[in-house]
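Q: this is a predicted model, with the sequence first.
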Amino acid sequence: MPAQRTKFYQVGSFAVGNRLLPIEQRAVQAGMERRNSLTSGHRACRGCGEALGARYAIDAAISASGGRLVAVNATGCLEVFSTPYPETSWQVPWIHSLFGNAPAVASGVAAALRAKGITDVRVVGQGGDGGTVDIGFACLSGMFERDDDVLYICYDNQAYMNTGVQRSGATPPAARTSTTPVPGNAFGQGKNVPMIAMAHEIPYVATATVADLRDLEYKVRRAMELRGARYLHILVPCPLGWVTEACDTIRVARLATESGLFPVFEAERGEVTDVTKIRRRVPVDDYLRLQGRYRHLFGDPPQTEVIARIQASADRNIRRFGLVD
Amino acid sequence: MLRQIEGSQAVAEAVAACRPEVVCAYPISPQTHIVEALSRLVSAKKLTPCEYLNVESEFAAMSACIGASAAGARVYTATASQGLLYMTEALFNASGLGLPIVMTVANRAIGAPINIWNDHSDSMSQRDSGWIQLYAETNQEAADLHVQAYALAEELSLPVMVCMDGFVLTHAFERVDLPARERVDAFLPPYEPRQVLDPGDPVSIGAMVGPEAFTEVRYLLHARHLQALDRIPAIARSFEDAFGRRSGGLVRGYRVQDADTVVLALGSVLGTVKDVVDELRGQGRRIGVAALTTFRPFPFAAVRELLGRARRIVVLERAFSVGVGGIVSADVRTALPEAAIATVVAGLGGRPVTKAALHRVLAAEPEPLTFLDLDRELVGRELARSAERRRSGPAAENMLRDLAGGN
């Protein structure tokens, strides 16, 4: 695949694309020779966290594999906004089959490469939280359990955004969706797939957000250094579903981690190996208030009990992962 | 190589001779012996290079086949019954993406009530999935059809289902002339995918298609099925040239030349049907048999040519469309709109299709829709009971109670 000259993107640090950093420390996005996995001009919404996360993740995977990469996609926003026939935004070989089978299709691709003795082509599977946490979950677990040589990336926007913001197994408590109207999603529901992935004792499990794209790139690179089943869970805010301003995508993702609601960590073979410490701890209020899907918690009177329960869950994460020194 | 061998083992050997590079397997009766035999071949390194994927469901099995096929590997899987239904979503996808996957369906009934025995309800339910469907009459034909299926699938870039009767064929020991690998190598060229996931030449497979092009894409799938109607007999002929025996094709006639009555059937029941027809011929009846090998695409012209002179056609089916009747019969009726066609639904859930029952049904003019050996008294009692009482209980429980003599 020919390298493309691409424009630089603001990555949320002090310099555009980290150009002021030494070359070896720069983000993949900062390189003039960056190979663009997902070309601009696709049809994602303004401020789409998934489009951003996917581009960084796959660009980093291309960089790590020397461009020898196959991408497998589940049905969902990412598939729909990037490939309306006869257009495609993908610069990597890419296949979409169904909603619930991306991990299994990726297993099949990996098996074919193994059978053909092709060792340098790597396989990345990707899907949203619906395709990963719910309908594709059996295939994902099967892929983990066989330790197939696939990096699977879940872009978690915490609901079925492609079909109109219905609740998924990753929708957090109290969040309003079109199928969990006010008072919102029940407590106690939802799956913690990074922890479930760790229970499979696969080589690598990590979480990341689009608020820290250097960290996201690092985790993709780390995952690509390993063989076997690897899982990366990326929080990708959705302005439409979360009812936030398009300009607040990064901010809200950062608040998710700084409140402790979305712990960012790495694990190898079922053991946590690293956590990203919270630099500036914020109450969950700051995170919730920005989002229309939690607006009902801040009416008159505010639902302090519900907010306290969400705060308790953030505190539990902070304790469990040691997020605050 | 002639061997006295179990049907499943023969199919596994034939598939191995085709050198699949990825085999995906999930167990379901009565398909299990096939994938067990293949796992032994792979683990004993008698089939290399081949990756054997033990997956967590039939849905994953077909999905992994889709990925592996798109990545350029020759792939294989086998299933039956509920497993085939569990694959349904992926089946339509495999054909829509034009992936030449070959799969054995060890035909078995569909529940409820759960039943592991043979009929054709499973594969017939996937009639419109876009898969080519071939039905084997014997284990010899089952083995041979797999070799032909790979040639056909890869030439047209279409998935092919080889259907063989569960237990009746899969678990039966017969004398089978196994296709030797060297001769299969000469017959079957290596798989060259139409589109492959190659980083050197990236393509997007499985893009979203809107109303402006969807009809055209579906029509192209149909057009390739129509091409298969030419290619299936051609491949059967070249198989005969290479291996010295006839297998496959669209539809074969047996004693049909001067027949005024023809029984059309598919699968292993054809042996019994031919025996009965021989006996009826001995009694002076002008009767013959049409053995349908290719059900999808349906060979309308070939069926018309073979059966056009018959006064009466009896379609013997091992599945049916609830609320309607015969599935194959509907296609035969389309092929021959003027013919007198009777549907005989036989052998559901493994009930034996006996010569006596066939003699009975062929002795008279069959009803338009007959369920062979149906216990009319039993169903009559159940229907009467459900008309009288609202809570009559599941039919099977009532029947068992009746059989035990209670009420």
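A: In hand now; what should we look at?
Q: what about chain A, any weak spots by pLDDT?
A: A:1-21, A:25, A:30-33 (pLDDT under 70).
Q: residues in contact with the residue of it found nearest chain B?
A: Closest residue of chain A to chain B, CB to the nearest CB: residue A:108 (2.7 Å). Every C-beta, even on glycine, is put in place using the N, C-alpha and C of the backbone. By CB atoms under 8 Å, 6 or more residues apart in numbering or on different chains, residue A:108 lies in contact with B:22, B:24, B:53, B:63-71, B:75.
Q: nearest spatial neighbour of it, chain-adjacent residues omitted?
A: residue B:67 (2.7 Å; CB to CB, 6 or more residues apart in numbering or on different chains).
Q: the strand or helix carrying the one you found: what's the following helix or strand?
A: Residue B:67 is located in helix B:58-70, with elements delineated by DSSP states H and E. Note on helix B:58-70: by DSSP H and E, the next helix or strand toward the C-terminus is strand B:75-79.
Q: what's the average pLDDT for that following strand?
A: The average pLDDT for strand B:75-79 rounds to 98.
Q: and the residue of the stretch 251-400 of chain B closest to chain A?
A: Nearest to chain A in the stretch 251-400 of chain B, going by CB to the nearest CB, is residue B:296, at a distance of 21.5 Å.
Q: quick check: closest non-adjacent residue to that residue.
A: Among residues not flanking residue B:296 along the chain, residue B:133 sits closest, at 4.2 Å (CB to CB, 6+ apart).
Q: same deal with residue B:159?
A: Take residue B:159 and drop its neighbours on the chain: the residue closest to it by CB to CB, 6+ apart is residue B:101, 4.3 Å away.
Q: that older thread, and the residue nearest to residue A:108, what does it touch?
A: A:72, A:95, A:97, A:104, A:105, A:106, A:107, A:108, A:109, A:110, A:111, A:112.
Q: among these, which are located in strands?
A: Members of these lying in strands (criterion: DSSP state E): A:72, A:95.
Q: which of the contacts of residue B:67 are buried? Put it as a PyMOL command.
A: In PyMOL, this line selects whichever of the contacts of residue B:67 come out buried by 16 or more other CB atoms under 10 Å in any protein chain shown:
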select buried, chain A and resi 72+95+97+104+105+106+107+108+109+110+111+112
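Q: okay, and the beta partners of the closest residue to residue A:111 other than its chain neighbours?
A: Of all residues beyond its chain neighbours, the one nearest residue A:111 is residue B:51 (4.1 Å), with distances taken as CB to CB, 6+ apart. Note on residue B:51: beta-bridge partners by DSSP bridges are residue B:22.
Q: show me what contacts residue B:51?
A: Counting by CB under 8 Å, 6+ apart, residue B:51 touches A:111, A:112, A:114, A:115, B:21, B:22, B:23, B:68, B:73.
Q: now it: how far from residue A:118?
A: 12 Å (CB to CB, to the nearest Å).
Q: may I have the phi/psi pair for residue B:252?
A: Here is the backbone geometry of residue B:252 (degrees, to the nearest 10): phi -120, psi 140.
Q: who touches it in this structure?
A: Neighbouring residues of residue B:252 by CB under 8 Å, 6+ apart: B:290, B:291, B:293.
Q: mind doing that once more with 7 Å?
A: For residue B:252, the contacting residues are B:291, B:293, by CB atoms under 7 Å, 6 or more residues apart in numbering or on different chains.
Q: let me know the pLDDT of it.
A: pLDDT at residue B:252 comes out at 97.
Q: now for residue B:98, how many residues are close by?
A: When neighbours are counted by other CB atoms under 10 Å in any protein chain shown, residue B:98 registers 21.
Q: what do you get for residue B:311?
A: Neighbour count for residue B:311, taken as other CB under 10 Å: 11.
Q: just to check, it is in contact with residue B:260?
A: Yes - counting by CB atoms under 7 Å, residue B:311 touches residue B:260, with 4.3 Å between them.
Q: ramachandran angles for residue B:166?
A: Main-chain torsions, residue B:166, degrees, to the nearest 10: phi -60, psi 140.
Q: for it, which non-adjacent residue is spatially closest?
A: Nearest one to residue B:166, counting by CB to CB, 6+ apart, is residue B:30 at 3.8 Å.
Q: which element, helix or strand, includes the one you found?
A: With DSSP H and E as the test, residue B:30 turns up in no helix or strand.
Q: and for it, the neighbour number?
A: For residue B:30, the count of nearby residues is 24 (other CB under 10 Å).
Q: dihedrals phi and psi, it?
A: Taking degrees, to the nearest 10 as the convention, residue B:30 sits at phi -100, psi 30.
Q: cool, and residue A:275?
A: phi -130, psi 150.
Q: how much space separates it from residue A:199?
A: Residue A:275 is 18 Å from residue A:199, by CB to CB.
Q: these two: which has the busier surroundings?
A: Per other CB under 10 Å, whichever of residue A:275 and residue A:199 has more neighbours is residue A:275, with 17 against 11.
Q: could I get the pLDDT score of the residue nearest to residue B:166?
A: Note for residue B:30: predicted pLDDT of 98.
Q: all set, thanks.
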